[in-house]
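Participant: heads up, no residue letters with this:
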């Protein structure tokens, strides 16, 4: 490296360096509060996509305009998605699974897929297949599972059986520039969960054998990568679900990464222990274990440190842990499950539960039963008819919540705060006290609190054709499908008659309109989801799985359970911007946890790079995608996930994908 000199000019407050081969480009405060190059002069330092701004002495982007001047948001009667499963190779071989995540495994710029069946079925060439790793060629998916090494195991090295990998999420755990994988083996009697390290080509080898996360017979419902202590190394948050026959939850666990692929547990030190299901007061207060069905890690109070969430099945309280600061590289958390409004909603009226009404009809002298109405729709001749009711327990707050499969973090209303979407299973006979799928709006309280405006107010209601309906909402997503600059909502409902994918478009008023099935996503019993610009045309496509559970109850099942590819055909009517982030010294290289704000057309959108969330490991593209509507450019601010919360601000043109290395300048991706 050639030498470089730095001269401080007090009057101009500009640091400069003569840039020679290998010299870093200096930065100084820009006129808009962001950072600009302060190299004087910039001759020879600009790339082919830049020009020298001689007044500021810096290189600026000089790209041809691609802006669309005739843009339109989605409107009824406009087709938004088409089923392109056959063209994309998902029918041969049939990729049959409802656990879906995506990542760019080989660094070619195209999002690949990891699809898994329910349960710890091993990938066995002579029997039932369980895992598909599919490489995206740009126009189709090809099966690379066997050669990827992702199913190698430690205990049966010569066996054709692969390893169980029901949970699968991706991050660069060793900061070498490619994404590695956590494969969660829930309740396997032989194999454990594992980190597998990527060699950069999409081939994986087993990580360190001494890692704490390698627990035999662990019960796992979900996992999320995050840098919780902002040391530049990826950590792992794992949710503990119930063991077969127990009906109670297990401990969620936090592991810190050492940067090599090994992880060590800090659950107790971080203030995260919960209690066994013994005390009703503990359960009502959200102090006992969850029956985890999905995790999330996102910064809910904008302090740069991710909060930890655990969504719970079985109408047990969801858990929310708020970061209480970092001391000597150790983060500490406080339980805000109930206080935040995330554990369950405020509706504690159990008297419209059909089974409760039956019980009270038969036991009028039981506590609180004297005035409870009789059941409307179920026979009630014996206690066997009150099949969903335990009078001693089910009136308690912890039993009047929801069955939360997935929690999605996203800024839905453009106020710069991350809100939540809870995806819930609800049965018709249980009553309105069972928490439905709904948005939880972040109030901005530094200690974190959510308001629940309700589905009627937000426009997220749906029709039920019969009295005996079931909402099997377990997975879903928030993303801008028409590039109008407003995030939309996808709810995947599954496993029961009448269940399907429900797509809602956000309107100018900030509420939602149901997209008709013929315009949106025509898919029954929808379960599992990955969202990305798979074909790199500037809009977000969707891959959704299909469950064939309870097929005997109705006509909601297809003959085959393969995942389906829904190609976006409306997003090209709006302008867009994409940003690939690469962390440098002090940040994890995949930039998980980075916060990106995009301001255009009078609106500001806030995004956070996510390291996996939801039911058994959902993961979307790490590339930030922002719809811009009619805007031809946007002001973009990146807050990096390092201890200093370093920020950079740029003005970028529409309809380009940029790569940004922390401290550098955005460069267009060809």
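Facilitator: That came through fine. Computed from a predicted structure; not experimentally measured.
Participant: SS state for residue 225?
Facilitator: For residue 225, the secondary-structure state derived from DSSP: H, G, I helix; E, B strand; the rest coil is strand.
Participant: residues in contact with it?
Facilitator: 169-171, 173, 182, 234-237, 297, 592, 611-612 (CB atoms under 8 Å, 6 or more residues apart in numbering). Yep, even glycine has a C-beta here, placed from its N, CA and C like the rest.
Participant: ok, residue 521 next?
Facilitator: Contacts of residue 521 (CB under 8 Å, 6+ apart): 80, 81, 490, 501, 503, 515, 542, 544, 566.
Participant: let's see it at 7 Å
Facilitator: Residues in contact with residue 521 (CB atoms under 7 Å, 6 or more residues apart in numbering) are 81, 501, 503, 542, 566.
Participant: over to residue 578?
Facilitator: Counted by CB under 7 Å, 6+ apart, residue 578 has contacts 533, 623, 624, 625, 657.
Participant: now do the contacts for the first one.
Facilitator: Listed by CB under 7 Å, 6+ apart, the contact set of residue 533 reads 539, 540, 541, 578, 621, 625.
Participant: which two among those are spaced furthest apart?
Facilitator: 541 and 578 (13.4 Å; CB to CB).
Participant: about what we covered before: out of the contacts of residue 533, grab the one that's most surrounded.
Facilitator: Of all the contacts of residue 533, residue 539 has the most neighbours under the rule other CB atoms under 10 Å, reaching 25 neighbours.
Participant: am I right that that one is in contact with residue 575?
Facilitator: No. Residue 539 is beyond contact range of residue 575, at 10.7 Å (criterion: CB atoms under 7 Å).
Participant: overlap in contacts, the two.
Facilitator: residue 483.
Participant: all helices in the stretch 401-550 of the chain, in order from the N-terminus.
Facilitator: 455-458 (DSSP state H, counting those that start in this stretch).
Participant: between the contacts of residue 521, which is closest to residue 596?
Facilitator: Nearest member of those to residue 596, counting by CB to CB, is residue 542, at 21.4 Å.
Participant: which residue, other than its chain neighbours, is closest to that closest one?
Facilitator: The shortest distance from residue 542 to any non-neighbouring residue, by CB to CB, 6 or more residues apart in numbering, is to residue 566 (4.6 Å).
Participant: got a list of what that neighbour touches?
Facilitator: Contacts of residue 566 by CB under 7 Å, 6+ apart are 81, 83, 521, 541, 542, 544.
Participant: hmm, who's touching the lengthiest helix in the chain?
Facilitator: Assignment by DSSP state H gives helix 354-362 as the longest helix of the chain. Residues outside helix 354-362 that contact it (CB under 7 Å, 6+ apart) are 350, 366, 369, 372-378, 380, 383, 385-389, 391, 394, 429.
Participant: could you do stretch 195-202 as well?
Facilitator: 105-107, 135, 144, 148, 150, 173-174, 177-183, 204-207, 211, 261.
Participant: circling back to that earlier point, what's the closest of the contacts of residue 578 to residue 326?
Facilitator: residue 624 (25.0 Å).
Participant: sorry, back to before: can I have the buried ones of the contacts of helix 354-362 as a PyMOL selection?
Facilitator: Filtering those down to the buried ones (16 or more other CB atoms under 10 Å) takes a single PyMOL command:
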select buried, resi 350+369+372+375+380+385+386+388+389+391+394+429
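Participant: list the buried residues of stretch 132-142.
Facilitator: 132, 133, 134, 135, 136, 140, 141.
Participant: if you could redo that for stretch 318-333, that was the one I meant.
Facilitator: Here stretch 318-333 shows 318, 319, 320, 321, 322, 323, 324, 326, 331, 332, 333 as buried, counting by 16+ other CB under 10 Å.
Participant: repeat for stretch 337-350
Facilitator: 337, 338, 339, 340, 341, 342, 343, 344, 345, 347, 350.
Participant: mind putting those into TSV with secondary structure?
Facilitator: Formatted as TSV, these follow (three-state DSSP):
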residue	secondary structure
337	coil
338	coil
339	coil
340	coil
341	coil
342	coil
343	coil
344	coil
345	coil
347	coil
350	coil
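Participant: sorry, back to before: closest to residue 663 out of the contacts of residue 533?
Facilitator: The closest of the contacts of residue 533, once distances to residue 663 are taken by CB to CB, is residue 578, at 20.1 Å.
Participant: how far off centre is the stretch of helix or strand the closest one belongs to?
Facilitator: Assigned by DSSP states H and E, residue 578 belongs to strand 575-582. The chain centre lies 18 Å from the centre of strand 575-582; the measure is CA atoms, centre = their mean, to the nearest Å.
Participant: so what touches the next helix or strand after it?
Facilitator: Next helix or strand after strand 575-582 toward the C-terminus (DSSP H and E): strand 595-600. Applying CB under 7 Å, 6+ apart, the external contacts of strand 595-600 come out as 299, 416, 485, 577, 579, 604-608, 624, 626, 628, 631, 633-639.
Participant: which of those are buried?
Facilitator: 299, 485, 577, 579, 604-608, 624, 626, 628, 631, 633-634, 636-639.
Participant: endpoint to endpoint, stretch 282-300 covers what distance?
Facilitator: Terminal residues of stretch 282-300 lie 25 Å apart, using CA to CA, to the nearest Å.
Participant: I'd like to know how many residues surround residue 582.
Facilitator: Count around residue 582 with other CB under 10 Å applied: 17.
Participant: burial of the closest residue to it other than its chain neighbours, as a residue count?
Facilitator: In space, and not counting its chain neighbours, residue 582 is closest to residue 661: 4.7 Å by CB to CB, 6+ apart. Using other CB under 10 Å, residue 661 has 15 neighbouring residues.
Participant: do residue 72 as well
Facilitator: Neighbour tally, residue 72, other CB under 10 Å: 15.
Participant: just give the nearest non-adjacent residue to it, would you?
Facilitator: Residue 72 sits nearest to residue 573 (CB to CB, 6+ apart), 5.0 Å away.
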